[in-house]
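[1] Following is a predicted model, sequence given first.
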Amino acid sequence: MPIEFHPESGVFFLHSAHMTYAMRIHEFGCLCHLYWGPPLRSQPLDFLLPIRPRAFSPNPAGAPQDFSLNDFPLEYPVYGNSDFRSPALEVRDPSEGSRIVDLRYLSHSIEPGKPGLQGLPATFAANEDSTTLRVRLRDQKLGLTVELLYTVFQDTPALARSATLIHEGSTPLEIKKALSSSVDFSSACENFDFVHLSGNWIRERNISVSPLHPGTQSVESRRGTSSHQHNPFYALAESGASEEHGRVFGFNLVYSGNFIAAVELDEDGRPRAQIGLNPFDFTWRLSPGESFQTPEAILVFSNEGLGGMSRSFHRLYRDHLCRSTFQHRHRPVLLNSWEGTYFDFDAEKLVRIAADAKELGIELFVLDDGWFGHRNAADCSLGDWTVDRRKIPKGLTDLARRINGEGVEFGLWFEPEMVSPDSDLYRQHPDWCLHVAGRPRTEGRAQLILDYSRHEVWEEIYRQIAVLLREAPITYVKWDMNRHLTELSSAALPPERQQEVAHRYVLGLYAMLDRFLEEFPHVLIEGCSGGGGRYDPGMLYYMPQIWTSDNSDAIARLKIQFGTSLAYPLSTMAAHVSIVPNHQVNRTTPFRTRGTVALTGAFGYELDLQLLTEEEKLEVRRQISFFHEMEPLLHSGDLYRLLSPFTGNAAAWMVVSRDRKEALVSYVNILAEPNPATRFLPLRGLDPELHYSINNETHRPGDGLMQIGLPLPFIMDDFTSSQWLLRAL
Ligand code: GLA
């Protein structure tokens, strides 16, 4: 039984593959956390709940002196009656000014399958692959029911959690904070590390590790999107945990806006690990009869270090998150026009580029920014999604057909959430952007943000885009978003609802994407936000790939892609070979290395093909045919990170097929070393009993490849790379 309930003790055991999570309904009425870790048979775990009198641990009314919520591991903690740690839920009753919430167990039910969440992206799974527990807790005085959802998966050590607040009382309430998940570890974890992903534009998702210490450690976004700066992901890793060993608990939020991810180590060294909507600048008014749905949190347990955690996230997201019909389909090798032409193109040039692309084996040509309005620089026309006839005189449909005629598919760039002050849309509807009446409007990249909390706003943009997609043969859309949210106010909402705007914006975006997927399931969407500024599971639900970073330099990408892979599958990371010297960091790397690094993700090119030498063109052909051969392995196999660019002068990773019969190992040496030592690269994830051919040149047994490794080449140049393809004999 994936979910067991023992009525005599009130204990739930939730079993996913290789993982158990246990909770108990306490006599006092609270839902307590008992256990999360490797599989555990059902057994008494009461000793995990501390019952003892303690100074400065008050006792809620009706409870004995040896019981305090402050000492108890709780599943959805509230504030005001004896727990002083960070609550998961804060509600204000404006009729009284009270902020007390007292949640007691009401009922529960267990059902097969995985319910969707109203208006929000969430994991999905068939009835035979998943089981869901609903626990209802109630605050009698407020008339508020909190329904906690827990889904376990047959095939992955993961748990999906969310909360629905259902208001059955008689006066409106203000939700100040409603997290998706809160886990109180039952025993001290002082020697754990807090692992998270932080950075900035063109250096997203660098791995940061710091030891847990008393008090709170957190990352968050207050930028309206999940952001380049932080990611709604973190892990608690047993200190000394490596890529392959040690206990690791991973947390990820299926959401694309303001989030908080925090861990508080209490006075006894026990972590409270939380993730959810950021309470910063948030208040949601809930009227009687209404409900509020939190986003979904994904919790993953690994007994096999960070690598095990990543492989579980990857499998879950590939099989149970991404809704796109392209999730398990071939991703066309594309050429994106941005770094090749920027704003300087016309129809004839584009058709020529498409013809050159076809020659080399490229399957899709993507026309990036600059094709609409009168846009020759990033300073106008966002919001006016009509073709610029000066550049493309016969219109998009004609252009797309001509490009198809050259033998490649056609894709197009949009930035649907923005408006330029210099645009017809803005001149007609100056109140359609986020702004505060009577105050100046902050611009970023000379643009303002459309108020997606309003239906009519995103529906107008949808209308404009849909007209084009219905007419022209467009099979790919790059969905960009190039600034963060300021003056978060909506002209359409009353004053008391203005702190709902950040969340309503994200809900509007999701509603538009839902409609898009329904009408255009044949269109592959690639997400982008100044590169990787909105790389989160919320977006991955709608789009199977995201432009990982505006940084296309192969060496800078090592860290970005390594960090991203902590939570997100390789198939989601769009990666392109670009020209040298690189446009972001001015570095010159070998063409082959640029291919090695880009081949790991959703593969493509972003350069002026005319600048390539004949030798480079040959290499392009080789890379594309290699990608075709490797794509099934790369996009469905298990990733093993072998050498980290964060800690050494090289990066190495390998992808192993699920049956362990095939593997591709990639190695990039960063700087050349004088007189280098002889080094071996031990592999992972192979079958020790099997014999593997290596690049069809030699062969060796799996155990030797893992225990000793592959001999690394003596490298005389900077930025060189090698790949080895292993096949079981
Ligand atoms: C953003 C994207 C780029 C490109 C430009 C176009 O920066 O991340 O890939 O599309 O916008 O303006």
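    On my side now, so go ahead.
[2] In a helix, residue 507, correct?
    Yes - assessed with DSSP: H, G, I helix; E, B strand; the rest coil, residue 507 lies in a helix.
[3] Begin at 884, not 1, for the rest of this chat.
    I'll keep to 884 as the first residue from here, and by that count the last item is residue 1390.
[4] Residue 1001 is in contact with that one, correct?
    No - at 9.8 Å, residue 1390 does not count as touching residue 1001 under the criterion of CB atoms under 8 Å. No exception for glycine: its C-beta is placed from N, CA and C like everyone else's.
[5] Pick out whichever of these two has more residues nearby.
    Between residue 1390 and residue 1001, residue 1390 has the larger neighbour count (other CB atoms under 10 Å), namely 17 against 11.
[6] can you count the residues close to the closest residue to that one other than its chain neighbours?
    Sequence neighbours aside, residue 1002 is the residue nearest to residue 1390 in space, at 5.4 Å (criterion: CB to CB, 6 or more residues apart in numbering). Residue 1002 sits with 12 neighbouring residues when counted by other CB under 10 Å.
[7] what residues does the stretch 1134-1283 of the chain put near the ligand?
    By the rule CB under 6 Å from any ligand atom, the part of the stretch 1134-1283 of the chain lying against the ligand is 1221, 1251, 1252, 1261.
[8] Can you tell me which of those is nearest the ligand?
    Distance to the ligand across these (CB to the nearest ligand atom) is lowest for residue 1252, with 3.5 Å.
[9] If you tally nearby residues, what's the number for that closest one?
    Neighbours of residue 1252 under the rule other CB under 10 Å: 21.
[10] next one: residue 1383
    Burial measure for residue 1383: 19 neighbouring residues, criterion other CB under 10 Å.
[11] In contact with the residue most central in space within the chain, which residues?
    In the chain, the C-alpha closest to the average C-alpha coordinate belongs to residue 1419, at a distance of 2.1 Å (CA atoms, centre = their mean). Neighbour list for residue 1419: 1109, 1114, 1115, 1135, 1136, 1137, 1138, 1139 [criterion: CB atoms under 8 Å, 6 or more residues apart in numbering].
[12] Run through the neighbouring helices and strands of the strand or helix carrying the fourth one.
    Element membership for residue 1135, per DSSP states H and E: strand 1131-1137. When contacts are defined as 3 or more CB pairs under 8 Å, 6 or more residues apart in numbering; DSSP states H and E, strand 1131-1137 packs onto strand 1056-1067, strand 1113-1121, strand 1142-1148, strand 1154-1160, strand 1179-1185, helix 1188-1203, helix 1420-1425.
[13] Out of these, which is closest to residue 1011?
    Minimum separation from residue 1011 across those (CB to CB) falls at helix 1188-1203, 12.9 Å.
[14] what angle sits between the closest one and strand 1113-1121?
    Between the axes of helix 1188-1203 and strand 1113-1121, defined by axes from the mean of the first three to the mean of the last three CA atoms, to 10 degrees, the angle is 130 degrees.
[15] and helix 1188-1203 with strand 1131-1137, angle?
    40 degrees.
[16] Keeping just the C-alphas, turn helix 1188-1203 into PDB.
    Taking C-alpha atoms only, helix 1188-1203 is exported to PDB below (Å, rounded to 0.1, in the frame of the first residue of the first chain):
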ATOM      1  CA  GLY A1188      24.000  12.100  -2.600                       C
ATOM      2  CA  LEU A1189      23.300  15.100  -4.800                       C
ATOM      3  CA  GLY A1190      23.500  12.900  -7.900                       C
ATOM      4  CA  GLY A1191      20.700  10.600  -6.700                       C
ATOM      5  CA  MET A1192      18.600  13.700  -5.900                       C
ATOM      6  CA  SER A1193      19.100  15.200  -9.400                       C
ATOM      7  CA  ARG A1194      18.300  11.900 -11.200                       C
ATOM      8  CA  SER A1195      15.000  11.700  -9.300                       C
ATOM      9  CA  PHE A1196      14.100  15.300 -10.100                       C
ATOM     10  CA  HIS A1197      15.000  14.700 -13.700                       C
ATOM     11  CA  ARG A1198      12.800  11.500 -14.000                       C
ATOM     12  CA  LEU A1199       9.900  13.100 -12.200                       C
ATOM     13  CA  TYR A1200      10.000  16.200 -14.400                       C
ATOM     14  CA  ARG A1201      10.400  14.300 -17.700                       C
ATOM     15  CA  ASP A1202       7.600  11.900 -16.900                       C
ATOM     16  CA  HIS A1203       5.300  13.800 -14.600                       C
END
